[in-house]
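Q: Here is a sequence with its predicted model. Questions after.
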Amino acid sequence: MIAGSDRIGMIHGIHTLAQLVRSARENHMEYRGKQALPNTDIVDYPDLSMRGAYIRGPLTDSQLQQFASLKCSMLVFESDDFYTMDDDKATLWQSLFRQARDAGIVPVPVLEFFHVPGPFLAKAPAAVEGRSRVDRLELSDTEWKCTARGNIVVTPENPLRVTLGNILLRAGEDYEVSETGLTWPFVDTNTPCWALRRKNGGAISAEDTVDITYSYAPPSSNALCPHAPEAERLFREALERLIQTLSPEFIHCGFGDIGRINQDLRCRENKLTNAEALESALGLVHRLCGEIQPEIRLIFWADAFMSAESEENDSLSSLQSAREKIPESSLCILRNTNQKHAASASIDRSVRRMHESGFPPMLAVGANAAVGYRAIKTLNTFEDSKTGIIIMDADPESPETRIVFEKAWSDSSRVLPWPEWYNDFFEVSFREPSFEEIKTCILQYVEEQTLSGIAPENIRKKFKAYRDSHAYKFGEKKDAEPLVSLLLDIITRYLDLEYAYASGKTRSSLRDLVTLVYDYGKCDESFDAERGNQIITTIKNQSLFVPASILFGQPLAYYRPYRLQPETEPSEMAAQVDYDDAEDSIQASLDYLMNCGPIYRIDFEAGHDQSVSVFASEDGQAYKEVAAQPAISGDAYRGPLFLTNALTTRFLRVRVVSSDTKPVLRDVRTFLLREPARMQCPLNAEKTQDVGVLFDESGEPASAPTEVLLSRNSQGLQLSVNARDPLPHAIGASMTGTDMPLWEEESVEIRIQVPGRPARRFMVNPLGARHDAMAVVDGLECWDSGWDANWSAEASTDELGWSASVHLPFSILGGTPEPGKSWRINFLRHRNNVEKESSAWASPLPSGLPGYGTLLFD
């Protein structure tokens with residue numbers, strides 16, 4: 001018997017029964033030769049009241065049923081169709097919404113205000129949120145003088161203002177205007193500038209200079225102006241059609257992706273702060289919905305209102321105070337896109353802020369099992385409040401999506417062969433991983449801990465403590481948890497034995513190594529018995545310690561007691577490696593494609609009784625030996641070696657020499673220290689500062705390195721950028737226009753924020769195309785590309801990639817820096833090649849958005 005508290009509860013109960021049937025089939029549960037279910041009572045209800053997915057576009061019938069089987073309670077659909085709903089679109093979405101409701105899912109359309117599609121805005125271009133500008137022109141009575149911008153927004157409420165001092169001049173009496181209109185997509189080539197000339201007998205004399213104040217729409221503007229009557233009419237029309245067609249219970253109004261706010265004269269003349277302008281839009285949307293269908297509830301992204309990174313202040317760019325105006329019946333959902341473990345602190349801080357502000361804690365995260373697990377564990381601590389989670393761009397067929405939905409339904413949900421807390425501990429997104437996937441993730445985790453200076457014994461203790469705190473979860477298949485524990489134990493024991501062997505305890509460590517090889521062979525079904533016997537024979541007959549790359553199939557950084565410098569993190573630096581053999585020597589030459597460092601550690605495998613030397617070079621021709629020593633006396637032939645002084649260089653060479661036996665050298669790897677993103681900027685145009693290494697989204701040095709050299713004179717900043725690539729012939733760049741979305745292809749980017757001013761961003765691609773923009777809102781990835789500045793950039797390609805030279809005058813950044821003061825800055829690379837890669841100098845914020853480093857002025 002299945003009994004639900006309501007219709008949707010009944011549907012979820014049926015899906016639970018279906019899950020039991022599938023599980024019984026998978027586990028071959030039978031009674032008298034027939035498939036059977038155990039006789040049991042099941043009480044099943046969700047821990048999170050809202051479990052949803054954010055989808056861009058419609059779903060197939062199959063995808064919709066898969067979401068239903070995961071007990072998804074809400075699907076949020078983003079589509080341009082909702083803004084211009086014709087009959088064909090209406091038929092499609094009516095069918096999809098009906099199917100969703102039949103499956104127990106609440107369908108929600110997205111209708112944003114500050115980020116609308118172009119065809120919608122084309123219906124009423126004057127609804128756009130423009131930028132304000134003042135031109136100073138000396139008008140002639142014979143020649144027409146042009147404004148600096150086209151696509152001027154002129155309406156009865158927002159006329160062109162021409163003034164002479166404090167005198168407002170009159171069109172037709174004091175001057176004439178040649179209008180060119182306002183046309184989406186607001187490109188000046190389509191709608192050129194306006195023109196003016198003075199009229200004889202008017203208030204303007206031949207020597208007078210007039211001020212022309214106006215709003216204009218920069219190319220690709222996509223935000224509505226909350227103080228424009230045209231915006232209200234346009235939005236009302238779309239709302240009425242949407243509500244009439246789909247009868248939604250909720251409408252998601254966005255407010256997290258803001259194309260522009262409070263820049264139009266229609267807003268600025270009211271002397272509003274950004275928060276007050278946002279409140280105006282909130283009030284407008286809420287009023288329109290109430291007038292059309294009072295029962296509809298609104299959903300907003302809470303990023304701008306409650307971001308953990310945004311400071312509480314009264315600056316014009318802050319939107320924090322606007323949260324007090326959010327309608328009480330609304331749902332606010334906070335997005336967090338960070339895929340790293342650091343996201344947990346941001347999630348906890350932001351959710352608690354939501355709860356303290358009186359909103360039910362609700363989060364939107366990517367389809368990442370580890371992040372989803374942490375988010376749901378945090379949400380489950382709010383037992384006195386309704387909670388919810390949205391999975392962004394969810395794929396119902398992916399293991400990550402299924403893991404998060406199962407966890408969102410019940411904290412004690414069906415435990416997987418790979419328990420979800422493993423994803424959190426190892427920072428992976430597995431559901432039913434293969435042995436190789438499990439081994440690789442454990443090796444990576446152990447190496448990361450080892451490089452941080454944690455002893456193998458303490459790695460085991462850390463795992464055991466975390467495991468014991470989740471002991472109530474262990475109901476998984478019998479061989480799952482022991483395999484993970486056993487593998488981690490074998491790998492850390494291996495490091496213990498290797499350290500003992502390097503310390504001179506040869507006999508005991510080799511004896512125990514033989515036992516460890518047997519133990520590993522029992523875990524790895526692909527481990528060939530003959531290969532294992534060969535390894536054991538070598539250990540016994542030659543007293544050699546088997547390298548990790550031979551035993552485990554992957555190299556592993558060996559443990560050595562080493563104290564890292566404060567505020568530094570170790571990372572492996574990718575390089576192009578060439579091996580060169582001679583009769584009595586072998587060397588590995590590493591090319592990092594740019595100056596790389598500070599390199600502090602070199603790992604390798606070499607034979608017995610062989611001398612090892614390390615050399616560095618700036619040009620790959622002239623090498624100079626550098627001092628390096630092992631952490632253990634007499635261990636130089638095995639590695640790792642630690643450089644006496646960490647160095648920055650482009651070329652590195654490791655040479656092994658042997659007089660008695662054939663020299664051996666393999667698995668050469670180098671490690672650098674990631675230092676805090678801080679740099680000095682002296683007032684010396686001849687003295688360039690190397691910014692250092694850029695890191696990818698996982699925190700590792702980018703596979704396509706980028707060199708940034710910075711200098712400063714009294715006028716501005718000068719940057720020289722060398723974007724290197726292992727596959728320079730495959731670099732993808734095609735955009736040539738101004739303010740095009742260069743981040744979608746190969747480009748480099750500089751972000752700068754002067755204290756008390758909005759941040760600026762500047763981009764250039766290999767073809768010399770430029771893009772500049774000003775931050776719309778603090779703490780959000782929202783940029784207004786309508787802001788234009790006078791700066792220069794040149795680019796060229798070469799056999800290693802491409803280069804760019806950029807000059808940024810202080811006048812466009814917010815003023816000349818004072819000695820002893822600091823600005824926030826970051827350097828980013830958007831790689832577009834066979835593989836795409838995003839890299840940055842400064843670490844990302846806990847929310848996953850790009851962060852900033854510090855630029856100190858001497």
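A: Now that the structure is in, tell me what you want to look at.
Q: Can you report how many residues lie near the closest residue in space to residue 168 that isn't next to it in sequence?
A: Computed as C-beta to C-beta, 6 or more residues apart in numbering, the closest residue to residue 168 that is not its neighbour in sequence is residue 161, at 6.8 Å. Backbone N, C-alpha and C define where each C-beta goes, glycine included. Residues contacting residue 161 under the criterion other C-beta atoms under 10 Å number 15.
Q: Look up how far residue 230 lies from residue 161.
A: 19 Å (C-beta to C-beta, to the nearest Å).
Q: Alpha carbons of the strand of greatest length in the chain, in CSV - could you do that?
A: Longest strand of the chain, by residue count under DSSP state E: strand 585-606. C-alpha atoms of strand 585-606 as CSV (Å, rounded to 0.1, in the frame of the first residue of the first chain):
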residue,chain,number,x,y,z
SER,A,585,74.9,10.1,-18.8
ILE,A,586,71.3,11.0,-19.4
GLN,A,587,69.6,14.4,-19.0
ALA,A,588,66.1,15.7,-19.0
SER,A,589,65.6,19.3,-20.4
LEU,A,590,62.4,21.0,-19.3
ASP,A,591,60.9,24.0,-21.1
TYR,A,592,58.2,25.9,-19.3
LEU,A,593,57.6,28.2,-22.3
MET,A,594,58.0,31.2,-20.0
ASN,A,595,59.8,32.2,-16.8
CYS,A,596,58.3,29.9,-14.1
GLY,A,597,58.8,29.9,-10.4
PRO,A,598,59.6,29.9,-7.7
ILE,A,599,60.6,26.3,-8.3
TYR,A,600,61.6,24.6,-5.0
ARG,A,601,61.4,20.8,-5.5
ILE,A,602,62.4,18.4,-8.3
ASP,A,603,61.2,14.8,-8.2
PHE,A,604,62.6,12.0,-10.4
GLU,A,605,63.7,8.3,-10.4
ALA,A,606,67.3,7.4,-11.0
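Q: and that strand, what does it pack onto?
A: Applying 3 or more C-beta pairs under 8 Å, 6 or more residues apart in numbering; DSSP states H and E, we find strand 585-606 packed against strand 576-581, strand 611-617, strand 641-657, strand 665-674, strand 706-712, strand 716-724.
Q: Which among the ones you listed is found nearest to residue 604?
A: strand 665-674 (4.5 Å; C-beta to C-beta).
Q: what angle separates the closest one from strand 641-657?
A: 160 degrees (axes from the mean of the first three to the mean of the last three C-alpha atoms, to 10 degrees).
Q: Name the next helix or strand downstream of strand 665-674, please.
A: Once the chain leaves strand 665-674, the next helix or strand it forms, by DSSP states H and E, is strand 678-681.
Q: what helices or strands is that following strand leaning on?
A: If you count contacts as 3+ C-beta pairs under 8 Å, 6+ apart, strand 678-681 packs onto strand 684-690, strand 706-712, strand 853-857.
Q: which one of the ones you listed lies closest to residue 406?
A: Using C-beta to C-beta, these put strand 853-857 closest to residue 406, at 39.7 Å.
Q: so which strand or helix has residue 771?
A: Going by DSSP H and E, residue 771 is in strand 770-775.
Q: who does that strand touch, helix- and strand-wise?
A: Contacts defined by 3+ C-beta pairs under 8 Å, 6+ apart place strand 770-775 against strand 760-764, strand 783-784.
Q: Any idea which of those strands has the lowest pLDDT on average?
A: Lowest mean pLDDT within the helices and strands packed on strand 770-775: strand 783-784, at a mean of 93.
Q: circling back: any chance of CSV for the helices and strands packed on strand 770-775, columns mean neighbour count and distance to residue 83?
A: Formatted as CSV, those follow (neighbours: other C-beta atoms under 10 Å; distance: least, C-beta to C-beta, whole Å):
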stretch, mean neighbour count, distance to residue 83
strand 760-764, 23, 28
strand 783-784, 22, 21
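Q: can you pull out the strands in the stretch 251-400 of the chain?
A: For the stretch 251-400 of the chain, the strands defined by DSSP state E, counting those that start in this stretch cover 297-301, 331-336, 362-366, 388-392.
Q: other SSEs contacting the first one?
A: If you count contacts as 3+ C-beta pairs under 8 Å, 6+ apart, strand 297-301 packs onto strand 250-252, helix 274-292, strand 331-336.
Q: same check, this time on the last one
A: Strand 388-392 sits against strand 50-56, strand 74-78, strand 331-336, strand 362-366, helix 369-379, helix 399-409, with contacts defined as 3+ C-beta pairs under 8 Å, 6+ apart.
Q: what do you get if the cut-off is 7 Å, keeping everything else the same?
A: Counting contacts by 3 or more C-beta pairs under 7 Å, 6 or more residues apart in numbering; DSSP states H and E, strand 388-392 packs against strand 50-56, strand 362-366, helix 369-379, helix 399-409.
Q: So the protein: which segments form each domain?
A: With domains defined by automatic domain parsing, the chain comprises 1-45, 47-118+227-413, 131-216, 435-551, 569-674, 678-857.
Q: a markdown table for the helices and strands packed on strand 297-301, including distance to residue 177 and mean pLDDT?
A: Compiled in a markdown table, those are given as follows (distance: least, C-beta to C-beta, whole Å; pLDDT from 0 to 100):
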| stretch | distance to residue 177 | mean pLDDT |
| --- | --- | --- |
| strand 250-252 | 41 | 97 |
| helix 274-292 | 29 | 92 |
| strand 331-336 | 45 | 88 |
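Q: Reformat these as a markdown table; add distance to residue 298 and mean neighbour count.
A: Formatted as a markdown table, those follow (distance: least, C-beta to C-beta, whole Å; neighbours: other C-beta atoms under 10 Å):
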| stretch | distance to residue 298 | mean neighbour count |
| --- | --- | --- |
| strand 250-252 | 6 | 22 |
| helix 274-292 | 6 | 19 |
| strand 331-336 | 8 | 24 |
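Q: Residue 147 is nearest to which of those?
A: Among those, helix 274-292 sits nearest to residue 147 (C-beta to C-beta), with 24.9 Å.
Q: counting contacts, what elements does the closest one pack onto?
A: helix 229-246, strand 297-301.
Q: and the shortest one, which strands flank it?
A: To tie it back to what came earlier, the one meant is strand 297-301. According to DSSP bridges, strand 297-301 forms sheet pairs with strand 250-252 (parallel), strand 331-336 (parallel).
Q: which residues sit against that strand?
A: With contacts defined as C-beta atoms under 7 Å, 6 or more residues apart in numbering, strand 297-301 is touched by 108, 249-256, 285-286, 289, 326-327, 329-333, 335.
Q: Likewise for stretch 380-392?
A: Contacts for stretch 380-392 (C-beta under 7 Å, 6+ apart): 47-54, 76, 333, 355, 360-367, 375-376, 379, 401, 404, 408, 411.
Q: Return the members of those residues classed as buried.
A: Among the contacts of stretch 380-392, those scoring as buried are 47-48, 50-54, 76, 333, 355, 360-367, 375-376, 379, 401, 404, 408 (criterion: 16 or more other C-beta atoms under 10 Å).
Q: that older thread, adding distance to residue 519, write the strands of the stretch 251-400 of the chain out as TSV.
A: Output for the strands of the stretch 251-400 of the chain, formatted as TSV (distance: least, C-beta to C-beta, whole Å):
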stretch	distance to residue 519
strand 297-301	51
strand 331-336	41
strand 362-366	38
strand 388-392	40
